[in-house]
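# output the structure for:
(chains A and B)
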Amino acid sequence: ETGVTQSPTHLIKTRGQQVTLRCSSQSGHNTVSWYQQALGQGPQFIFQYYREEENGRGNFPPRFSGLQFPNYSSELNVNALELDDSALYLCASSSSSRSSYNEQFFGPGTRLTVL
Amino acid sequence: RKEVEQDPGPFNVPEGATVAFNCTYSNSASQSFFWYRQDCRKEPKLLMSVYSSGNEDGRFTAQLNRASQYISLLIRDSKLSDSATYLCVVPPDPGNNDMRFGAGTRLTVKP
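Numbering: from 1, shown residues only, chains lettered A, B, ... in the order given. Here you go, the predicted structure:
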């Protein structure tokens, strides 16, 4: 077990709704990254938070937003859900700084289904 | 050319076989590379890191060819428990945290 937890484990929403996914990082880690993994694909980087600030963003529209809290836990919010948003959403924590890379430890993921 | 491309697989091999996967990357500035393993419906977990020409850990060997921009993963004496999807990961340039995953190569080891 990595110590990274995510909630909920599964979620079903309908098009147009909004969703909030949560992640608790591993103790001692100050960086959280979020990924979207569609079926049969590798994880796609959404964004990363380092010490409560966004520290890089992938090719995702603004309706994907996030937060990081003082305890380094994080939320991923998705507005105006679309069918293509159905995927496994993975959170990964690490102790990286702004300019270095350290191993990322993944949580079990939240499986989102949009109907 | 995709930033990270992997052998599409699937690879179906008998126990005890040796199997190798390849991964090519487009960013010549990338300095370090990783192989992650992902079991069905589970999260990815780090298998090996590659910082120089290669790395070996028991039955697993990762090799890096910077000139040709590819990384390989060799698994010797395959076990049933090696069945999983193997993800090639090319981390960001310094200052860029956009970690790039390949689509993965699925391996099934059969008795």
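# where does chain A dip in pLDDT?
For chain A, the stretches with pLDDT under 70 are A:1-2, A:96-101.
# quickly list what the residue nearest to B:Thr61 when sequence neighbours are not counted is bridged to.
Excluding the flanking residues, the one nearest B:Thr61 by C-beta to C-beta, 6 or more residues apart in numbering or on different chains is B:Leu74, at 4.4 Å. C-beta coordinates here come from the backbone N, C-alpha and C atoms, glycine included. B:Leu74 has these beta-bridge partners by DSSP bridges: B:Ala20, B:Thr61.
# any idea how far B:Leu74 lies from B:Phe21?
8 Å (C-beta to C-beta, to the nearest Å).
# which of the two has more neighbours?
B:Phe21 (22 against 15; other C-beta atoms under 10 Å in any protein chain shown).
# does B:Trp37 belong to a helix, a strand or coil?
Slight slip there: residue B:37 is Arg, not Trp. strand (DSSP: H, G, I helix; E, B strand; the rest coil).
# quick check: it touching B:Cys88?
No: in this structure B:Arg37 lies outside contact range of B:Cys88 using C-beta atoms under 8 Å: 11.2 Å.
# neighbour-wise, which of these two wins?
B:Cys88 (30 against 19).
# the more buried one should be in a helix, yeah?
No: B:Cys88 sits outside any helix when classified using three-state DSSP, being strand.
# show me what contacts it?
Residues in contact with B:Cys88 (C-beta atoms under 8 Å, 6 or more residues apart in numbering or on different chains) are B:4, B:6, B:21, B:23, B:25, B:33-35, B:71, B:73, B:101-102, B:104-105.
# just the residues you listed that are near chain A?
The subset of those within reach of chain A, by C-beta under 8 Å from any C-beta of the partner chain, is B:Val4, B:Phe34, B:Phe101, B:Gly102, B:Gly104.
# is it fair to say the second one lies in a strand?
Yes: checked against three-state DSSP, B:Phe34 lies within a strand.
# near it, how many other residues are there?
23.
# that one reaches B:Ser49, doesn't it?
Yes: with contact defined as C-beta under 8 Å, B:Phe34 reaches B:Ser49; the gap is 5.4 Å.
# what touches both of those two?
Contacts common to B:Phe34 and B:Ser49, judged by C-beta under 8 Å, 6+ apart, are A:Glu103.
# relative to the whole chain's centre, how far out is stretch B:100-111?
Offset of stretch B:100-111 from its chain centre (C-alpha atoms, centre = their mean, to the nearest Å): 8 Å.
# show me what contacts the residue nearest to B:Thr61?
B:Thr18, B:Val19, B:Ala20, B:Phe60, B:Thr61, B:Ala62, B:Gln63.
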